[in-house]
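In: Any chance you can model this:
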Amino acid sequence: MRGVPALVRVGHRGAPVFAPDNTIAGFDAALAAGVDMIEFDILPAHGELYVAHDHRALDPARSLTLAAALAHFATPPYAAVRLQLDVKRRGVERRMIAALDAAGLRERAFVSTGVRGVLPRVRALAPEILLGWTVPDIPGIGDVPGLRRAYAARIPLRAAARIRAGQIDALVPHHSLVDAALVAAVAGAGGEIYPWTVDDPAELARLAALGVTGVITNDPRLFAAIRQREAL
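Out: Purely as a prediction, here's the structure:
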């Protein structure tokens, strides 16, 4: 993304090691930990858009609405923080963009998803919003080793083709799928890559050494050692 540091530090649903995920407290904890971007989930329910990963985690009386979350992100302490909106269901695109516009946050948004049909719709409605393709995007494929290997082998070419076609700007892969070939394919096509969800220091170091754009983690404290290496 434009103007980002060498390794983008992304808080997964905020900073769950400090506070419950997808909450204001979690977002504030991520901000205090020095993240560059905060990832959070978008889920429709009862005619509203909520910040929740799935319906099991959703309590309409307590769950944070997208409008409330964006109003918080529009306050001065968050001015330099980018926002990764991870869409969990199709059909929210127009309302999500309207909510971003109401809060004046369209320019800071990065929309990611593995849900088919969402990214083309967002691109058509708001071409300037950066898009990330989340993989794997086939439920359960990781449970079948042969299928997982075949699927993983195709991702570099598919991601590069989608980036060159202007369909996406970034790949958002599970960290286990990331190797040098995938990073090279994405970078060679002019895209970016944000592996998820990385909570092991050795894995974070491996990914940083490969040259990924950023890393999504539950524990932003892990970035301290990487920052120290970059400063040397």
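In: Could I get the CA-only coordinates of whichever strand in the chain runs longest as PDB?
Out: What stands out as the longest strand in the chain, according to DSSP state E, is strand 37-45. The C-alpha trace of strand 37-45 is given here as PDB (Å, rounded to 0.1, in the frame of the first residue of the first chain):
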ATOM      1  CA  MET A  37      -3.300  -1.500  10.300                       C
ATOM      2  CA  ILE A  38      -6.200  -3.100  12.100                       C
ATOM      3  CA  GLU A  39      -8.000  -6.000  10.600                       C
ATOM      4  CA  PHE A  40     -11.700  -6.600  11.700                       C
ATOM      5  CA  ASP A  41     -14.600  -8.600  10.400                       C
ATOM      6  CA  ILE A  42     -17.800  -7.400   8.800                       C
ATOM      7  CA  LEU A  43     -21.000  -9.500   9.200                       C
ATOM      8  CA  PRO A  44     -24.600  -8.700   8.300                       C
ATOM      9  CA  ALA A  45     -27.400  -9.600  10.700                       C
END
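In: low-confidence ranges in the chain?
Out: 1-5, 227-232 (pLDDT under 70).
In: re the thing from before, may I have the strands that pair with the longest strand of the chain, each with its orientation?
Out: strand 8-12 (parallel), strand 48-50 (antiparallel), strand 82-87 (parallel) (DSSP bridges).
In: Pipe those into JSON lines and attach mean neighbour count per row.
Out: In short, each C-beta sits where N, CA and C put it, glycine included. Putting the strands paired with strand 37-45 into JSON lines (neighbours: other C-beta atoms under 10 Å) gives the following:
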{"stretch": "strand 8-12", "mean neighbour count": "26"}
{"stretch": "strand 48-50", "mean neighbour count": "20"}
{"stretch": "strand 82-87", "mean neighbour count": "25"}
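In: After the longest helix anywhere in the chain, which helix or strand is next? Please name it.
Out: Criterion DSSP state H: the longest helix present in the chain is helix 145-164. Sequence order places strand 170-173 as the next helix or strand after helix 145-164, per DSSP states H and E.
In: Determine how far that following strand lies from the middle of the whole chain.
Out: Taking the mean of its C-alpha atoms, strand 170-173 sits 8 Å from the chain's own mean (C-alpha atoms, centre = their mean, to the nearest Å).
In: Kindly report the same for stretch 133-146.
Out: 17 Å.
In: okay, how far is it across it, tip to tip?
Out: 22 Å (C-alpha to C-alpha, to the nearest Å).
In: in it, what counts as buried?
Out: Trp133, Thr134, Val135, Pro136 (16 or more other C-beta atoms under 10 Å).
In: Quick check: His199 is in a helix.
Out: His isn't right for residue 199; it's Asp. No - assessed with DSSP: H, G, I helix; E, B strand; the rest coil, Asp199 is coil; it does not lie in a helix.
In: now it: how far from Val215?
Out: According to C-beta to C-beta, to the nearest Å, Asp199 stands 10 Å off from Val215.
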